[in-house]
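Student: Requesting a structural model of the entry that follows:
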Amino acid sequence: MEILNPNYYLIKVSDNVLGIYNCEKKQVEKKLKVKSQFIPAFLKLNYVENIVNEGLYFVNLIEKLKKVLPGLFVEPTDKEISYRMKIEKEAKRFSHDNQASYFIYPEMIEIYVRETFYTYTLIYITKDKTELILSMQNIKNIRTISDVHPKSEKEIYFINRSSYTVEEIQQLEEIMVENDSIRCYYYCHDDSLVGETYIGKDYGCFLCNNQIQDKITFQPITSFQKDLLSSLFQMEIPKYNRILLSILSDDTTLYKGKKFRIKLSDLSGTTKYNERKSKCSCCERYKIITK
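Tutor: Numbers count the residues shown, from 1 in each chain. Got it, this is the predicted structure:
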C-alpha cells in the first residue's frame, strides 16, 4: 500500500486544477488539470484512513499522480500508518475548532499542524525518570543543562522546574533567550500545578517572572498530575508552530507568554500574562527589556 508523502498535501487551486503543495518549501510545486468532478476524490488522498479503507478506489488516481511527481507516495510501516492516522485526525479537528483564530484557509492550518507533529522535535529536560507523555514523531531527553544545545527553531522544550537549581535555570534561560527557543516549564507548588511558556525573548524570561523561585518548596508530581499536564500540553503543541504563532489573531491559548495554574483541590484553572522585569540579569544581558 502507498500513501501520500507527509511532505506534500493536495489542494484545490481552481475548479479543474489540482495543486501539489510542498509543505517544506511552502509552495505549490506542481499543478495539473483534472475534471472538476474528480477533485474531491484526489483530495481524499490527504488522509491515510481513506486509502486504508478504500484502497482499490484510489489505485488509478495514485498512479496518475506518481507520473506527475516521483516520490509523491511512499510505502509506510504499520506503525507509520497508525501515527499518520492519529495526526491527520488531530490536525483536521484542530483546524475545524480554531478557524476563527487564524486569518488563513482551514487547509493551511491543517498543513501547519501536520508540519508540527512531523518535523518539530520535542525535548524533555528533566531528571525525573517519568516524563510527560506527549505524542510526537521526534522526541529527545536531556538531563544535564550543559547538554542543551538548540539546533533548530523547530524544537519545543518541556522543562521540569523542580529538577534544577535557580543557577541551573538561569544558565538554561540564557541559552533559550539567545536561541529564540520555545520552552514550557512545569512544576507543582502550593497544591497547584503550574505551567509557563516563553517564546525566545518575548514576555521576558522565566527568571524575571519568578523572582522568588529560590524560596519555593516544590511538591512531587504524581502520576495523575503528569497525565493531566500531558493532556493540556498535548492540546497546545499544534499552536507552537512558528507560522501559527505569528498569525494568531484571537489568543484563546494557554501558551502565548502566560502562566496557567490548576488548583488540585477542585481542578479549577486560571491564566496570567507574563511580564518583563527591569532587574532581570538574563534579560538585561540580551537587552530585551523595553521601556
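Student: tally of neighbours for the closest residue to residue 126 other than its chain neighbours?
Tutor: Ranked by C-beta to C-beta, 6 or more residues apart in numbering and with sequence neighbours excluded, the top spatial neighbour of residue 126 is residue 160, at 3.6 Å. Where C-beta positions appear, they are placed from N, C-alpha and C, glycine not excepted. Number of residues near residue 160 (other C-beta atoms under 10 Å) recorded here: 20.
Student: Just list the residues touching residue 145, thanks.
Tutor: 125, 164, 168, 171-172, 175 (C-beta atoms under 8 Å, 6 or more residues apart in numbering).
Student: rerun at 7 Å
Tutor: 164, 168, 171-172 (C-beta atoms under 7 Å, 6 or more residues apart in numbering).
Student: What of residue 162?
Tutor: Residue 162 neighbours (C-beta under 7 Å, 6+ apart): 187, 218.
Student: how near is it to residue 258?
Tutor: 20 Å (C-beta to C-beta, to the nearest Å).
Student: go on, residue 34?
Tutor: Using C-beta to C-beta, we find residue 34 at a distance of 46 Å from residue 258.
Student: now do residue 85
Tutor: 32 Å.
Student: And for residue 113?
Tutor: Here the criterion is C-beta to C-beta. By it, residue 113 lies 20 Å from residue 258.
Student: Compare those two (neighbour count), which wins?
Tutor: residue 113 (24 against 18).
Student: picking up where we left off before, what's across from the residue nearest to residue 126 in the sheet?
Tutor: residue 186 (DSSP bridges).
Student: show me what contacts it?
Tutor: Contact analysis of residue 160 by C-beta under 7 Å, 6+ apart lists 125-126, 128, 186.
Student: List just the nearest of these to residue 155.
Tutor: For the contacts of residue 160, the residue nearest residue 155 by C-beta to C-beta is residue 125; the value is 11.1 Å.
Student: Next, the contact list for that closest one, please.
Tutor: 142, 148, 157, 159-160.
Student: One more pass at 8 Å, please.
Tutor: 142-143, 145, 148, 157-160, 163, 172.
Student: want to try JSON lines for these, with secondary structure as columns?
Tutor: As requested, these are arranged in JSON lines below (DSSP: H, G, I helix; E, B strand; the rest coil):
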{"residue": "142", "secondary structure": "strand"}
{"residue": "143", "secondary structure": "coil"}
{"residue": "145", "secondary structure": "helix"}
{"residue": "148", "secondary structure": "coil"}
{"residue": "157", "secondary structure": "strand"}
{"residue": "158", "secondary structure": "strand"}
{"residue": "159", "secondary structure": "strand"}
{"residue": "160", "secondary structure": "strand"}
{"residue": "163", "secondary structure": "helix"}
{"residue": "172", "secondary structure": "helix"}
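Student: Show me the two of the residues you listed that sit farthest apart.
Tutor: So, the contacts of residue 125 by C-beta to C-beta: farthest apart are 145 and 158, at 14.4 Å.
Student: Next secondary structure after the strand or helix carrying residue 197?
Tutor: For residue 197, the enclosing helix or strand under DSSP states H and E is strand 192-199. Once the chain leaves strand 192-199, the next helix or strand it forms, by DSSP H and E, is helix 223-236.
Student: Can you spell out which helices and strands pack onto that following helix?
Tutor: strand 182-189, strand 192-199 (3 or more C-beta pairs under 8 Å, 6 or more residues apart in numbering; DSSP states H and E).
Student: before we move on, back to that, take the contacts of residue 160 and lay them out in a markdown table including pLDDT, secondary structure and distance to residue 7.
Tutor: As requested, the contacts of residue 160 are arranged in a markdown table below (pLDDT from 0 to 100; DSSP: H, G, I helix; E, B strand; the rest coil; distance: C-beta to C-beta, whole Å):
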| residue | pLDDT | secondary structure | distance to residue 7 |
| --- | --- | --- | --- |
| 125 | 95 | strand | 29 |
| 126 | 94 | coil | 32 |
| 128 | 84 | coil | 35 |
| 186 | 92 | strand | 32 |
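Student: picking up where we left off before, quick check, pLDDT for the residue nearest to residue 126.
Tutor: Per-residue pLDDT puts residue 160 at 93.
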